[in-house]
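# with the input below, show me the fold.
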Amino acid sequence: MGKYVIFHIDGTLNRTDLYAVEAYQKALAKRKCVVSCKEIISCIGLTQADIIDKLFRGLEDEEVIRWTKDIRNYEIRLMKMKAQPFEGIEEVLCLLKEKGYGLAICSNAFLEHIHQVLESIGLRKYFTAIGSLMMGSNKSIIIGEAVKECIRRGVCKVNYATDLRIAFSKGINDVLREHPETIDPKKYNARGREEVKQYVMDKIKVCGSVGKAQCSQ
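Numbers count the residues shown, from 1 in each chain. Below you'll find the predicted structure:
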């Protein structure tokens, strides 16, 4: 079985901020909207639906089509002039190749866009597998399917420790964002524990472990 390292494209390989912020500013200015650079950067990597909800709190279907077209046109134009990989990333990819790893992309961007980005930053040659979830797809579902396939092939240990910490932190951050006056750790820790619980319940299903726990007498 081949060993693969799977990369997302925004924020790991590609300095998306070098052109995406300006592309969003142009598209927003066209609609007489002003949004901070920080908020635009927070949209990078989100699904189209999440971006629209974050910036506009929803749009009509026809305006979604126009918005998507504007963003893609501005990004393609600016990408050709400004796109760059992160410093040192090419050396990392070369090292992984030398060690026998295959390199793959998993992104919720359109497949055409992924190829354009990789060509613009000069990294296309390193990747043997490129997967597009298409805008609006749920990346966790795709990764879950990959985990199931690994288990079918004999993998017997799946490490979710980092994801559990992320889930716990998300719960705390949600409470502090919604209620910044909260100072009682029992309240925000409770939300963190609930996020971990929901995450674990989901992964028990993904790993096919529902109902398989054995209690010692």
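# could you list the buried residues of stretch 4-18?
Residues Phe7, Ile9, Asp10, Leu13, Asn14, Arg15, Thr16 are the ones in stretch 4-18 that count as buried (16 or more other CB atoms under 10 Å). For glycine as for every other residue, the C-beta is placed from the backbone atoms N, C-alpha and C.
# contact partners of it?
41, 44-45, 82-86, 89, 96, 101-107, 109, 114, 117-118, 121, 123, 127, 129 (CB atoms under 8 Å, 6 or more residues apart in numbering).
# and it, average pLDDT?
Mean pLDDT, computed over stretch 4-18, is 85.
# try stretch 179-199
Average pLDDT, stretch 179-199: 90.
# buried stuff in that stretch?
Buried residues in stretch 179-199 (16+ other CB under 10 Å): Tyr188, Arg191, Gly192, Glu195, Val196, Tyr199.
# parallel or antiparallel, list what pairs with the strand ranked longest in the chain.
In terms of residue count, the longest strand belonging to the chain (DSSP state E) is strand 102-107. In the sheet, strand 102-107 lines up against strand 4-7 (parallel), strand 129-132 (parallel) (DSSP bridges).
# how about the ones you listed, which one is nearest Cys150?
strand 4-7 (10.8 Å; CB to CB).
# quick one: buried residues of whatever helix or strand comes next after that closest one?
Downstream of strand 4-7, the next assigned helix or strand under DSSP states H and E is helix 17-30. Buried residues in helix 17-30, counted by 16+ other CB under 10 Å: Tyr19, Ala20, Val21, Glu22, Ala23, Tyr24, Gln25, Lys26, Ala27, Leu28.
# list buried residues within the contacts of stretch 4-18.
45, 83, 85, 89, 96, 103, 105-107, 109, 114, 117-118, 121, 123, 127.
# quick one, domains of the chain?
Segmentation of the chain into domains, based on automatic domain parsing, reads 4-13+85-137, 17-72, 142-206.
# mind putting the ones you listed into a markdown table with distance to Lys212?
Converted to a markdown table, the domains of the chain look like this (distance: least, CB to CB, whole Å):
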| stretch | distance to Lys212 |
| --- | --- |
| domain 4-13+85-137 | 28 |
| domain 17-72 | 33 |
| domain 142-206 | 9 |
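# so which of these comes closest to Leu78?
Closest approach to Leu78 among the domains of the chain (CB to CB): domain 17-72, 3.8 Å.
# could you work out the end-to-end span of that closest one for me?
End-to-end distance of domain 17-72 (CA to CA, to the nearest Å): 14 Å.
# ditto for stretch 154-166
OK, stretch 154-166 end separation, CA to CA: 27 Å.
# how many neighbours does Lys54 have?
Close neighbours of Lys54, defined as other CB atoms under 10 Å, add up to 14.
# pretty sure Thr47 is touching Asn108, no?
Yes. Between Thr47 and Asn108 there is a contact at 5.7 Å, judged by CB atoms under 8 Å.
# comparing the two, which residue is more hemmed in?
Asn108 (23 against 18).
# got the buried residues of helix 17-30 as a markdown table, with distance to Val210 columns?
Formatted as a markdown table, these follow (distance: CB to CB, whole Å):
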| residue | distance to Val210 |
| --- | --- |
| Tyr19 | 45 |
| Ala20 | 41 |
| Val21 | 44 |
| Glu22 | 48 |
| Ala23 | 44 |
| Tyr24 | 43 |
| Gln25 | 48 |
| Lys26 | 49 |
| Ala27 | 45 |
| Leu28 | 46 |
